[in-house]
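Engineer: 3D model of this:
(one chain, ligands or ions: 2)
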Amino acid sequence: MSDRSNNLSAVLYGAGDLRIEDRPVPVPAPGQVLVEIGAVGICGSDVHYYDHGRIGRYVVDSPMIVGHESAGTIVAVGENVSPDRIGQLVALEPGVPDRTCEQCLAGRYNLCPNVVFFATPPVDGSISRWVAIDQYFAHPAPDNLSVDEAAMAEPVSVGVWAAKKAEIRAGDRVLVTGAGPIGLFAAQVARAFGAKNITVTDVSVFRLAVARQLGFTAIAASDPLQSEFDVLLECSGAPSALSTGMLALAAAGRVVLVGMGVDTVSINVPLVQGKELTISGIFRYANTYPLALDLLASAAVTTELIVTHHFSLAETELALTLARRDPNALKAIVRPHS
Ligand code: NAD
Ligand code: ZN
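Structural biologist: Ligands and ions are numbered 1, 2, ... in the order given. Here you go, the predicted structure:
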């Protein structure tokens, strides 16, 4: 455990301008816990902010700490939080909603218009040595989890939410397009939900090989899909993956749009009508962390083969530019205390 003499953090000033800077160590407010951050996964959105300084209408116009896939150990608690929590390994759910709006009261807190989400301008993220967060969004990790695995509860949560949205049931045949971290976690979650014949597609030979090693049928995106599926989890953002994937669906098939790529795509209307397909999107997740952590703890979902690289805090920029340099990288993790 380090002393709390500094709070070095990875701060993005704009496109291509990342600096390691000291920030005040947060004091946990009532209801909050202070977490010593052990691991933060780099997500495509962090890379996008680094490359472009913005994602759509979210613009980095003042310095922002990046990162939101994080886990660590509780080292202090604010008022109204049990001191028993000190020492717990926790996964930090990065979006804290207001809990009072119509969407929150309906249980759909991921759709809360007032959510405060790490590393979404102007909110700071979690590549920091110390982060304060609402106690209920610091989810206790089962004993056997490593801090890296706990951090991966974030992308696993996207898979859990996609599988729930698709209502994946035992025996379902599932097609996952895109073998990035999201697709590879989503495929594992689908298997844990009872899906069989899970097929994963990608354009990368390396990623297809990882999918195969994880036990899935892996098919190049350019190859024809021979079988029929009940569910399509579109995790690439590629319009062609969506259109060819939809053609492979059985009657009453369900499509979940996870990947973000091109904003507007065309839809084969007679196909959707003739097969009564259901198409939905997902926006992050709600109430998924406990299950995501359990799936990781039971090894139903593994981070092995997916977490491919580790970096120290000083190397955060290398982590953010890793994908440009190494086509065989999947998920990079930054350790803020190393
Ligand atoms: P990634 O870029 O690592 O993975 C995308 C994969 O799709 C890559 O491996 C790429 O080679 C592959 N691909 C490209 N064209 C393809 C095609 N035609 N057919 C099949 N595969 C193809 O990204 P990731 O971190 O795994 O995230 C996946 C997507 O999910 C991203 O678009 C991301 O923005 C999105 N996402 C959405 C949510 C949400 O809440 N909806 C949350 C997290 C991530
Ligand atoms: Zn709300």
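Engineer: for the rest of this, base every contact and every neighbour count on C-alpha atoms.
Structural biologist: Will do.
Engineer: shouldn't residue 47 be in contact with residue 318?
Structural biologist: No. At 10.7 Å, residue 47 does not count as touching residue 318 under the criterion of Cα atoms under 8 Å.
Engineer: the two - which one has more neighbours?
Structural biologist: residue 47 (21 against 17; other Cα atoms under 10 Å).
Engineer: so who does that one touch?
Structural biologist: Applying Cα atoms under 8 Å, 6 or more residues apart in numbering to residue 47 gives the contacts 320-321.
Engineer: please apply the same query to residue 208.
Structural biologist: By Cα under 8 Å, 6+ apart, the neighbours of residue 208 are 179, 200-202, 218-220.
Engineer: need the three-state assignment for it.
Structural biologist: On the three-state scheme (DSSP: H, G, I helix; E, B strand; the rest coil), residue 208 is labelled helix.
Engineer: could I get the full set of helices for the stretch 201-338 of the chain?
Structural biologist: Ranges of helices in the stretch 201-338 of the chain, per DSSP state H, counting those that start in this stretch, are 205-213, 239-247, 269-274, 289-297, 316-320, 322-325.
Engineer: how about the stretch 1-150 of the chain?
Structural biologist: Using DSSP H, counting those that start in this stretch, helices in the stretch 1-150 of the chain cover 44-52, 102-105, 147-151.
Engineer: which elements pack onto the shortest one?
Structural biologist: With contacts defined as 3 or more Cα pairs under 8 Å, 6 or more residues apart in numbering; DSSP states H and E, helix 102-105 has no packing partner among the helices and strands.
Engineer: the chain should start at 28 in everything you say after this.
Structural biologist: Shifting the count to begin at 28 puts that one at helix 129-132.
Engineer: show me this structure divided up by domain.
Structural biologist: 35-179+333-362, 184-308 (automatic domain parsing).
Engineer: out of these, flag the one nearest ligand 1.
Structural biologist: Smallest distance to ligand 1 across those (Cα to the nearest ligand atom): 3.3 Å, for domain 184-308.
Engineer: can the closest one be said to contact ligand 1?
Structural biologist: Yes. Domain 184-308 lies within reach of ligand 1 by Cα under 6 Å from any ligand atom, at 185, 204-210, 228-231, 248, 262-265, 267-268, 285-288.
Engineer: turn the helices of the stretch 28-177 of the chain into a markdown table, columns for distance to ligand 2 and mean pLDDT.
Structural biologist: Converted to a markdown table, the helices of the stretch 28-177 of the chain look like this (distance: least, Cα to the ion, whole Å; pLDDT from 0 to 100):
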| stretch | distance to ligand 2 | mean pLDDT |
| --- | --- | --- |
| helix 71-79 | 23 | 97 |
| helix 129-132 | 4 | 98 |
| helix 174-178 | 24 | 98 |
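Engineer: burial-wise, tell me which of those helices comes out on top.
Structural biologist: Sort the helices of the stretch 28-177 of the chain by mean neighbour count, taking mean count of other Cα atoms under 10 Å, and helix 174-178 sits at the top with a mean of 26.
Engineer: and the next helix or strand after it, C-alpha only, in PDB?
Structural biologist: Sequence-wise, the next helix or strand downstream of helix 174-178 (DSSP states H and E) is helix 180-192. The C-alpha trace of helix 180-192 is given here as PDB (Å, rounded to 0.1, in the frame of the first residue of the first chain):
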ATOM      1  CA  ALA A 180     -16.300  -6.500 -14.700                       C
ATOM      2  CA  GLU A 181     -17.000  -3.400 -16.800                       C
ATOM      3  CA  PRO A 182     -16.700  -4.900 -20.300                       C
ATOM      4  CA  VAL A 183     -18.200  -8.100 -19.000                       C
ATOM      5  CA  SER A 184     -21.100  -6.100 -17.800                       C
ATOM      6  CA  VAL A 185     -21.700  -4.900 -21.400                       C
ATOM      7  CA  GLY A 186     -21.900  -8.600 -22.400                       C
ATOM      8  CA  VAL A 187     -24.300  -9.400 -19.500                       C
ATOM      9  CA  TRP A 188     -26.500  -6.500 -20.500                       C
ATOM     10  CA  ALA A 189     -26.500  -7.600 -24.200                       C
ATOM     11  CA  ALA A 190     -27.300 -11.200 -23.300                       C
ATOM     12  CA  LYS A 191     -30.200 -10.000 -21.100                       C
ATOM     13  CA  LYS A 192     -31.500  -7.700 -23.700                       C
END
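Engineer: and the angle for the helix or strand following helix 180-192 with helix 266-274?
Structural biologist: Note on helix 180-192: by DSSP H and E, the next helix or strand toward the C-terminus is strand 200-204. For strand 200-204 against helix 266-274, the angle by axes from the mean of the first three to the mean of the last three Cα atoms, to 10 degrees is 170 degrees.
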